[in-house]
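Novice: Below: sequence and its predicted model.
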Amino acid sequence: MSDIPTKQRIIEAAVIVLNDDLSANLEAVAARAGVTRRTLHRYFTGREELIATCATEMNVVCQRAMREAYRASSDPVRQLELMLYAGIDCNHQYAFLTKLHYRTPDLPDAPVAAGVEYENIKDTWYALITLLQSRGLIDRQLTPAWLFFLFGGMIDTTITAYRSGDVAPNEVKRFAWRSFARSIGLTPSGVHS
């Protein structure tokens, strides 16, 4: 028997199963988790609740990863680079949520379990952009809000390229960073890797 609590095993199984097949049923999730569908229903009333729980978990995991990436360096350019990599890793892990969001545009955003933390990391990201602009490293004509959307778009593009198989997996992050850095006006001397 696994040391991981049953509810967590079900969530982890759902992420794996739904990343492979967005239309997979709860039986497939239960089988992957090593539980019966009945056991799954003790924790989740249905698919929607399970997906909402996965989304909440994604928010917590991704915010933690972004915070750790930011704290991993004191160099603002490197912090931005590491935050991009964290965003790529996290969004790749939870890619089915992005697919689901694009297929169901009126789907409400997932509840943010750590809403204050999310706002803090977003504020940190904006402050980092403002700092880099004040130092003349990033084009000041681009607003932080625009750059935030560009950052998210680069993450989505990277995941699409990775999943296509047309770009070497060991190159996608480096390509993402070089593309993003240059698109915001960072010069080659300010770009790591």
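Specialist: Perfect, thanks for sending it.

Novice: use CA for all of it now, contacts and neighbours both
Specialist: OK.

Novice: Show me the domain layout of this protein.
Specialist: 1-44, 63-184 (the TED database).

Novice: for the host helix or strand of Arg178, packing partners?
Specialist: Secondary-structure assignment from DSSP states H and E places Arg178 in helix 172-183. Under the contact criterion of 3 or more C-alpha pairs under 8 Å, 6 or more residues apart in numbering; DSSP states H and E, helix 172-183 touches helix 76-93, helix 144-164.

Novice: mean confidence for the first one?
Specialist: The pLDDT scores in helix 76-93 average 93.

Novice: can you start the count at 763 instead of 1 from here on
Specialist: Taking 763 as the first residue, the last one we looked at is helix 838-855.

Novice: pLDDT of stretch 807-814, averaged?
Specialist: Looking at stretch 807-814 alone, the average pLDDT works out to 92.

Novice: Render the CA-only coordinates of it in PDB, please.
Specialist: What follows is stretch 807-814, C-alpha atoms only, in PDB (Å, rounded to 0.1, in the frame of the first residue of the first chain):
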ATOM      1  CA  THR A 807     -18.700  13.800  -6.100                       C
ATOM      2  CA  GLY A 808     -17.900  13.800  -9.800                       C
ATOM      3  CA  ARG A 809     -15.500  14.700 -12.600                       C
ATOM      4  CA  GLU A 810     -16.100  18.500 -12.200                       C
ATOM      5  CA  GLU A 811     -15.100  18.400  -8.500                       C
ATOM      6  CA  LEU A 812     -12.000  16.300  -9.200                       C
ATOM      7  CA  ILE A 813     -10.900  18.700 -12.000                       C
ATOM      8  CA  ALA A 814     -11.600  21.700  -9.700                       C
END
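
Novice: Now that stretch: buried residues?
Specialist: Buried residues in stretch 807-814, counted by 16 or more other C-alpha atoms under 10 Å: Leu812, Ile813, Ala814.
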